[in-house]
Structure formats: structure tokens, C-alpha cells
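>>> for reference, the sequence and a predicted model appear below.
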There are 2 protein chains.
Amino acid sequence: MTGIHVIGSGHTAFGRFDARSLEDLEVEAAREALVEAEMPGEGIDAVFLGHFNGGMAADGFASSLVHQADDGLRFKPATRVENACASGSAAIHAGINAIRAGQARNVLVVGVEKMTHRTTEEVTAALGSAGYQGHPDEAGLSFPQVFARVAEAYRERYGNPMTAMARIAAKNHANAMGNPLAQMRRELSVEACDTVSDKNPLIAPPLRLSDCSLISDGAAAVVLSGTPGPVGASVHIAAATHVSDFLPMHRRDVLAFEGPKRAVAQAYDALGITAKDVHFAEVHDCFTIAELLMYEALGLCGPGQGARLLEEGVVHKGGSLPVNPSGGLKAKGHPVGATGVSMHALAFRQLTGRAGEIQVPGAGVGLVVNMGGAAVANYATILEAGSGRR
Amino acid sequence: MTGIHVIGSGHTAFGRFDARSLEDLEVEAAREALVEAEMPGEGIDAVFLGHFNGGMAADGFASSLVHQADDGLRFKPATRVENACASGSAAIHAGINAIRAGQARNVLVVGVEKMTHRTTEEVTAALGSAGYQGHPDEAGLSFPQVFARVAEAYRERYGNPMTAMARIAAKNHANAMGNPLAQMRRELSVEACDTVSDKNPLIAPPLRLSDCSLISDGAAAVVLSGTPGPVGASVHIAAATHVSDFLPMHRRDVLAFEGPKRAVAQAYDALGITAKDVHFAEVHDCFTIAELLMYEALGLCGPGQGARLLEEGVVHKGGSLPVNPSGGLKAKGHPVGATGVSMHALAFRQLTGRAGEIQVPGAGVGLVVNMGGAAVANYATILEAGSGRR
């Protein structure tokens, strides 16, 4: 099977950018990735865009805007891929398929979202449309409400997760301090996150503001290739898995996070490795309770045991498996369609030793877990330094 | 390279179905395709959904609704693919890639759209979002206005196309009379289509109502496989190409239809064939002027020469290359995300001799051309009877 290599990355800052259009964001990230890959548009064989939209952007045909980045892209096939908050990884995996299928040698993958020009109510409704609308118990729920149910179920089954969730928020905010691309660079203490206050109100009880990721504008990009990058700056996709569960929550045990568990297990199994072999992970912390459950999916602990990892510092900077060194969706920001591509782009920079202040020393194996809905569309990718040609 | 075979098809009627949800339509088409393929959900390795939405449907995560068709689909990866009015073919081509990449042996592809619950103004705005919003000359144009510009440009460069366009409308309406799945089964004379009247008003001058495709609900599905179907009911994908042009019309000669021309030429070249070797074509007649230009893309005539084919009956039932025997978008209907999948599903039925009253006698090679935007995302697929193992 053809090796898949990451040979370039682009990443706008995440934040609120009133003056910049969806096209502007796509173009900036795409151009940076092409420059980093030393690849003119003519060298690209296919383009994939990860983008959710859900009514937030006026551009209904966003895949075709990537061509605005480089005249050499004219006539190159471009495709938008959407799987709710996992749209970015969906585009990455589509790009991998295109190379493995022999349809492309070099692929440009871009992820983008523009959200901050909408009111919080509009954004909440747009994202909420990714829940199941066909059952009266679930139709119209916002995602804070969905994950509030998950946190409630966690408390009932395993005990109170709220302090563990506050530790996750504080950790990810601390991590983002070293990431110049992050939207929110402000230290928050565990105590502040664990206290309901004017500054940290309940959003959907028991979830507090500090348990929720951000509303963001931003884009990220990578160039994937069947040919390795230069020695020393070479990273390959060692495993890429995708597992989709039923959408309706009443058809499954949401707390079991079966989809993410299966996706990660399949990726580990493909390489014969375990969590012990992974040097860092960028995982989907749309809400802090999601990251707590991701620790189980990563195989770091059994059901309901995530709090221990936070108490022991396992998942913190300097721990044995730092989780979300970038600051995560929580503090880096969560421009929905860009998120999965951002995870891969920053993992690429980690694995080539170019992650600056958020660098995980000696990182050779990175894991990305990106999730659409409440454990519905689940993607795991393992990236490794080197060309993989042993 | 792995051969790609079509081994099952599903197709709801196209029309107005107030009582049926997006999920209902997906499930009906998916189940029919699985039954026809004699494939339980467990046998499917990946699901792709073609769906535009653009704000028309309240379901923002529609790929995950396909799983409602069959419990055996649980944990199978599902992905939505969107490329405006070519979303259906985008999903087909993604499914082909998944098989060629070795990620799947059997793929379920579904296309769906639900539009008629919206007002015509809402649908027009949703579809219009697929135009370029970044230039004052193009932002906010409706697609009837876009193709009215194309028809005007045609008149200026080549002479008046309106009677030829009326002939296309009348042909496609006549064809749909034999298609029980078609939304509009009513004969319309060339004269009626070529006359502006109370029943046939100007929509965007010079386009008349009869020049425009329909607003429709509907879904279609196919099962693709790396393994051929039974002898006698075997169809394979002989060529599949995708060419994306710039979105802004001011950056290109829209009338040249360069994207569709290149996509079809690449497909022909892959097989060493010409239009003479094709027995029927389902092409993108979102507006009658588009079908007129598609004749050039198919290589049936030179620039501005399409009218002759209609006068001579070349593209009619019984002609040497019948175009849109199904009735096309014009009369079969155009549920946007379903359209490309419908073209492939009905081509499969033609090539297995199961097309009923719309059967093209002796059809062994069929061409599908599906287009997103005004010649922006262009897909050509050549399907052939038999397993392709010569």
C-alpha cells in the first residue's frame, strides 16, 4: 500500500476575524501549506475541503474557493467533505484515499469555518442541527445540552466528574499559553473552572462556560503526498481509521464512547502498539467531559477512571502522554471544519520539531482523535516521524 | 487497478412528499439498493452520502442517517460529500476511491435532497449560495440568472438558442412519460416551450419556466463493489473523471464549458473511445441551455452547433445517442444531492436491461455527466455492461 506522507502545513490564527471572508481564510492556509511543501498549485492532483457550515456561511460551494489560492489549481478536482465537527478529519481521510486509490500523488487538504459573525444563538442552532432531529427527546437539543446529559450520566454511573472537567479546562488553557495560533491565551485555575460564578456561568447544567469550547474563525491545511518529504522533516500517516455509530442517542450507550474506542483500537491494532507508544495526542475536547471520556478511548484508563490521570499529571505537559498540547478545542479554538485539519497540521509540526513553545520533546508518534456529534463520526490517525520505510 | 462494479440500485420516486423526512428518503433508497445487491448492512464497508442542503434541511449531519436503514451498518464509516449540484456524483467518486484505496470492498452510496417544504424563494436562495459571493457582479445571483447570462452569451456569440432549448425541454418531457419515477409526466410541445405565456412565463429572461429544472424531493442509491455482480446483471465503472474550474465567472469563459469538456474528454481518452461508442447519456440539464452546451462537451458537435442535433433527432429516443432518456433534471426532477446518484442508478438499470419503458435497446455503454455550479465541479462516468474482465 502506498505510504502517505505529510509534506506541508498551513494554519491561520484561530479567533474572531470580522474583516476576513471564508475565502480569505481558505486561501491563507492553503498558500502557507503549498509554500511549506515547496509545491506549486500545478503539482497538486486533488483538493479536499473540510467544512461544516450548517447555515453559518453564505458560501454554499466552498470547495471551489480553494482554487482562489493558486492559479495552478485550475481544473484540479476539488471536493467538500462534511461530517459535523469531524469534517476536517473527513477531508484528511478522503485525501489519503485519493492517493491510495492512485487518483492523486499530491493532495491539498484544507479545513475552514467562519462562525463569529453569527450570534451565539445562531451558532448554537447551526451546530445543534448535527444532533438527531427525528425523535422528540433529542430534536432541537443544543450540543451543550447533549454533553450536559453525558456529564449527568457520568455522575450517575461513576461519580461526580466536575472537578476532573475543571482540571481539563485549566490544563488546556495553560497549554494554549505557548501556542501563538490559539484563540484564548489566558491562564485559568482549576478552582476558577470548578466554580460557578459571574465569569463562569452555567451554560447547560452541569456544564459551565469553562467546560465548553470556543466559537471561532479559522482555517488549516496540509499537503499529503505519496512521496516522502525531506529527511529530517518527514512524517507519514501510519494508521487512519473511521468508525460511525448510530446518530440517535437512544439507540446506544453514549457514555460508552464506543465509536472513538473502536477507531483508536483499530489504529493501534494496525501498528501493533498501545497508548504507551504514543508521545502526544490531540483529541476532541468540544466539551471537557468529552476529553475525560477520550482518555478511556485512548486506552489510558478504564471506564470512569479518567480523573486519576489528571491528578497524576499523566496527560499534562511533561506527563507520559500529553493530551492537547496545542490547547485543544477548548483554548486553541474550534472553527468546526478546520479543527480536524488543525490537529493533523500541528501534529506534523510536533513530529518535525517545529512546534515552538508547545513542542513535546522527542515526539516521534502522535495520535489525532476527531469526533463529529456525540461519538457519532469518529476518526483516529496515527502520525509518525520519518518516511516509514524501515 | 481494482475493477469497480455496480451491483445494486435504489431510487425513490422524485416529487413532492410532504410527509416524508430526509431520513425516510435516505432509508428507502438505501434499503432498495441493499436488497437489489442481495447485501446485508454487515456486508457494507463504507457509506457515502451526496447531499447539498444549503440550509434547506434541518438535519445538519445527514451522513449518519443512512445507518437508520439497516442495523448491520452500525460502526461502518459514513461520510457526506458535497459539491453543489454534483454532490451525488461526488459521493459516487468517493466510493470508487474507497474501493480502489483498499479501504472497502463494498460501498453504499446514497444521494438525497428535500426541497419542496421550502418556498421557491428559499430554494432559489439556497441554490444561489453555490455561486460566487466574493464579487459584486456575481454575489446574490440566482441560478436562473446565471444561466440566463449563459443563454444571452450564447445568442451573442452563436445566434439565438431559444428554439433549440425548447426542443430540449419537449424531448425530456416526452422521455419522462416512460419513467414512473419522474416528477413531471406531461407532454409539452416544442411550440408550447418556445412560447412565453401565462403557463410558461419568463423566469429570468430569456429563460422561460420550461427551460428550468424542477424543485424536488427524492433519493437514489447504488451499491458499488470490487467484486462483479452476477453474469447478465453485471455493470462496471469503466472511467470516472472529475475536473473543477474556477468558481468566479469573471475568471473564465463560461460559455466554453471547459470543465465538462475536459472531464468527458479524459473519460473517453481513458478508454480510447469517442461519442460514437456511447449508447446513451444522462447529462446535467439543470437549464435547457446547459444541455445544449453539454452536446459540445460530449463531442457531438462543435461550438454553437447543438441545435442541429435536435433538428436531426440524434439525441432523441431512437437517435444515435439518446440524451436523458430518463427525462433528465428537467422532467424527472432535480433533488440536488440525489441527482448524480440517480444518473448512475438509472444507467445501471439501462445497462442491465431493466429500464422498462425508457430502455435504450441494446445499451452497452452509458455516459453520466453531472455538474455543480455553472461548469465548476464536473464529473464524467462511463459505465459498461459486463464485468470488464476481457
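Received it, and whenever you're ready, just let me know what you need.

>>> which residues are in contact with the closest residue to chain B within the stretch 101-250 of chain A?
Ranking the residues of the stretch 101-250 of chain A by distance to chain B (CB to the nearest CB) places residue A:129 first, at 3.0 Å. Using the backbone N, CA and C atoms, a C-beta is placed for each residue, glycine as well. Residue A:129 makes contacts with A:54, A:55, B:58, B:59, B:60, B:61, as judged by CB atoms under 8 Å, 6 or more residues apart in numbering or on different chains.

>>> helices along chain A, start to end?
In chain A, helices defined by DSSP state H lie at A:22-36, A:87-100, A:120-128, A:143-158, A:162-176, A:190-193, A:258-271, A:288-297, A:306-312, A:328-331, A:336-351, listed in chain order.

>>> how far off helix A:143-158 does the third one point, in degrees?
Helix A:120-128 and helix A:143-158 meet at an angle of 60 degrees, taking axes from the mean of the first three to the mean of the last three CA atoms, to 10 degrees as the criterion.

>>> and the contacts of helix A:120-128?
Outside helix A:120-128, the residues that touch it by CB under 8 Å, 6+ apart are A:52-56, A:85, A:115, A:118, A:140-144, A:215, A:336, B:60.

>>> quick one: residue A:40 and residue A:34 touch, right?
Yes - in this structure residue A:40 lies within contact range of residue A:34 using CB atoms under 8 Å: 7.0 Å.

>>> of the two, which one has the most company?
Taking other CB atoms under 10 Å in any protein chain shown, residue A:40 and residue A:34 do not tie; residue A:34 has more neighbours (24 against 13).

>>> do you know how far the more buried one is from residue B:116?
In this view, residue A:34 and residue B:116 are 43 Å apart by CB to CB, to the nearest Å.

>>> can you check residue A:314 too?
To residue B:116, residue A:314 is 54 Å away according to CB to CB.

>>> which parts of the stretch 201-350 of chain A sit against chain B?
Contacts of the stretch 201-350 of chain A with chain B, taken as CB under 8 Å from any CB of the partner chain, map to A:242, A:243, A:244, A:245, A:246, A:247, A:248, A:258, A:259, A:262.

>>> farthest-separated two in those?
A:242 and A:248 (19.7 Å; CB to CB).

>>> which of those two has more neighbours?
residue A:242 (27 against 19).

>>> for chain A, give me the ranges with low pLDDT.
For chain A, applying pLDDT under 70 flags the ranges A:1-2, A:389-390.

>>> name the residue closest to the centre of it, please.
Nearest residue to the geometric centre of chain A (CA atoms, centre = their mean): residue A:340, 3.6 Å.

>>> can you pull the contacts of that one?
By CB under 8 Å, 6+ apart, the contact set of residue A:340 is A:50, A:86, A:87, A:88, A:89, A:90, A:91, A:92, A:111, A:368, A:370, A:379.

>>> show me what the last one bridges to in the sheet.
Taking DSSP bridges as the rule, residue A:379 bridges to residue A:242, residue A:370.

>>> test my guess that it contacts residue A:369.
Yes - using CB under 8 Å, residue A:379 is in contact with residue A:369, at 7.1 Å.

>>> need the overlap of contacts for the two.
Counting by CB under 8 Å, 6+ apart, the contacts common to residue A:379 and residue A:369 are residue A:263.

>>> comparing those two, which residue is more hemmed in?
Under the neighbour definition other CB under 10 Å, residue A:379 and residue A:369 were set side by side, and residue A:379 has more, 32 against 28.

>>> ok, now how distant is that one from residue A:91?
Distance, residue A:379 to residue A:91, by CB to CB: 10 Å.

>>> ok, residue A:25 next?
Where residue A:91 is concerned, residue A:25 sits at a distance of 15 Å (CB to CB).

>>> likewise residue A:198?
Distance from residue A:198 to residue A:91, counting by CB to CB: 40 Å.

>>> okay, those two: which has more neighbours?
residue A:91 (34 against 5).

>>> looking at it, the more buried one is touching residue A:52, isn't it?
No - in this structure, residue A:91 is not within contact of residue A:52 by CB under 8 Å, at 11.1 Å.

>>> give me the common contacts of these two.
With CB under 8 Å, 6+ apart as the test, residue A:91 and residue A:52 both reach residue A:337.

>>> ok so, going back, find the pair from the contacts of residue A:129 with maximum spatial separation.
For these, the farthest-apart pair by CB to CB is A:55 and B:61; their separation is 12.9 Å.

>>> these two: who's more crowded?
residue B:61 (26 against 21).

>>> next up, the contacts around the more buried one.
A:83, A:84, A:129, A:130, A:131, A:247, A:372, A:373, A:376, A:377, B:80.

>>> from chain B, how far off is residue A:23?
For residue A:23, the distance to chain B (CB to the nearest CB, to the nearest Å) stands at 5 Å.

>>> was I right to think residue A:226 contacts residue A:5?
Yes - under the criterion of CB under 8 Å, residue A:226 makes contact with residue A:5 at 7.3 Å.

>>> OK, contacts around the residue nearest to residue A:135 when sequence neighbours are not counted?
For residue A:135, ignoring the flanking residues on the chain, the nearest one in space by CB to CB, 6 or more residues apart in numbering or on different chains is residue A:248 at 5.7 Å. Taking CB under 8 Å, 6+ apart as the criterion, residue A:248 is in contact with A:132, A:134, A:135, A:138, B:68.

>>> with neighbour count and distance to residue A:297 added, can I get the residues you listed in a markdown table?
Formatted as a markdown table, these follow (neighbours: other CB atoms under 10 Å in any protein chain shown; distance: CB to CB, whole Å):
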| residue | neighbour count | distance to residue A:297 |
| --- | --- | --- |
| A:132 | 25 | 21 |
| A:134 | 15 | 27 |
| A:135 | 13 | 25 |
| A:138 | 17 | 22 |
| B:68 | 20 | 24 |
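
>>> quick check: the two most widely separated of the residues you listed?
In terms of CB to CB, those reach their longest pairwise distance at A:138 and B:68, which sit 13.1 Å apart.

>>> wait, residue A:151 touches residue A:289, no?
Yes - with contact defined as CB under 8 Å, residue A:151 counts as touching residue A:289 (4.5 Å).

>>> what touches both of the two?
Here residue A:151 and residue A:289 share the contacting residues A:161, A:165, A:207, A:211, scored by CB under 8 Å, 6+ apart.

>>> follow-up on the earlier one: ramachandran coordinates for the residue of the stretch 101-250 of chain A closest to chain B?
Main-chain dihedrals, residue A:129, degrees, to the nearest 10: phi -60, psi -20.

>>> thank you, goodbye.
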